[in-house]
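In: Starting from these lines, generate the structure:
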Amino acid sequence: MGRIKLYLTNCSAFSEQLFYRPIPMTSPGSESSPLQAIPSVDQLLRTDAAAKLRDLVGTEQLTEIARQITDGMRSEIQQSGATQNRETLLDDAVQRLEQFQLNETAAGIRRVINASGVVLHTNLGRAPLSESARLAITKAAGYCTVEFDPRAGKRGKRGARVEELLCQITGAEAALVVNNCAAAA
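Out: Next up is the predicted model:
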């Protein structure tokens, strides 16, 4: 008869008492379903491949990926009718996780060599920052005097230093620096 699943049934003929009735999960004389060999999401999440991928995408995303893999395997088996043992299907699921990790790693931002012949290549992040620009970004990444005048010891004007430098460079009497489309107003 195969595996048996118990269902709780309420029958009024027995004074509202609850009783269990065995219901076969497969039809008599048939083999177990090939879908039962598909690894569970939990089983897939406990593999070494999943442990490596967990650091890259997080537990929640990894669980969703495992569900997609097992759902895909289920659909393939339903369409083809092919049967495989549990170990083979688990190995296949692990390979799919590893392939996902390779695709995820390749999709991220990484360093490349611009051999295109185009110096300011938009698809490659335009021009690399010079050493002095990287140093300036590092200095400005923490607390800095954006709207604080250290000479007066109180709040200052946001663009004061840039405006001073623009006047020096251009010889203009005054300068105005704006951001966030304020120049359009």
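In: Where do the strands of this structure begin and end?
Out: Taking DSSP state E as the test, the strands found in the chain are 4-10, 18-24, 148-149, 154-155.
In: Those: lowest mean pLDDT?
Out: For the strands of the chain, mean pLDDT drops lowest on strand 18-24, to a mean of 41.
In: which residues touch the residue positioned nearest the centre of the chain?
Out: With distances taken as CA atoms, centre = their mean, the residue of the chain nearest its centroid is Val57 (4.7 Å). By CB atoms under 8 Å, 6 or more residues apart in numbering, the contact set of Val57 is 65, 104. (Each C-beta comes from the backbone N, C-alpha and C, glycine too.)
In: Touching, Asn85 and Gln36? I think so.
Out: No: Asn85 is beyond contact range of Gln36, at 10.9 Å (criterion: CB atoms under 8 Å).
In: measure the nearest residue to Leu176 once chain neighbours are set aside to Val146 for me?
Out: Of all residues not flanking Leu176 in the chain, Glu163 sits nearest, at 6.7 Å (CB to CB, 6 or more residues apart in numbering). Distance, Glu163 to Val146, by CB to CB, to the nearest Å: 14 Å.
In: One more: Gly159?
Out: With CB to CB as the criterion, Gly159 and Val146 are 9 Å apart.
In: Lowest mean pLDDT among the helices and strands of this protein, which one is it?
Out: Across the helices and strands of the chain, mean confidence by mean pLDDT, DSSP states H and E is lowest for strand 18-24: a mean of 41.
In: rewinding a little: report how many residues lie close to the residue nearest to Leu176.
Out: Neighbourhood size, Glu163 [other CB atoms under 10 Å]: 16.
In: any weak-confidence spans in this structure?
Out: Scanning the chain for pLDDT under 70 picks out 1-31, 181-185.
In: just so I have it, where are all the helices in it?
Out: Remark: helices assigned in the chain by DSSP state H are 41-45, 48-57, 59-80, 86-107, 131-140, 160-170.
In: which strands and helices sit next to the first one?
Out: Under the contact definition 3 or more CB pairs under 8 Å, 6 or more residues apart in numbering; DSSP states H and E, helix 41-45 sits against helix 59-80, helix 86-107.
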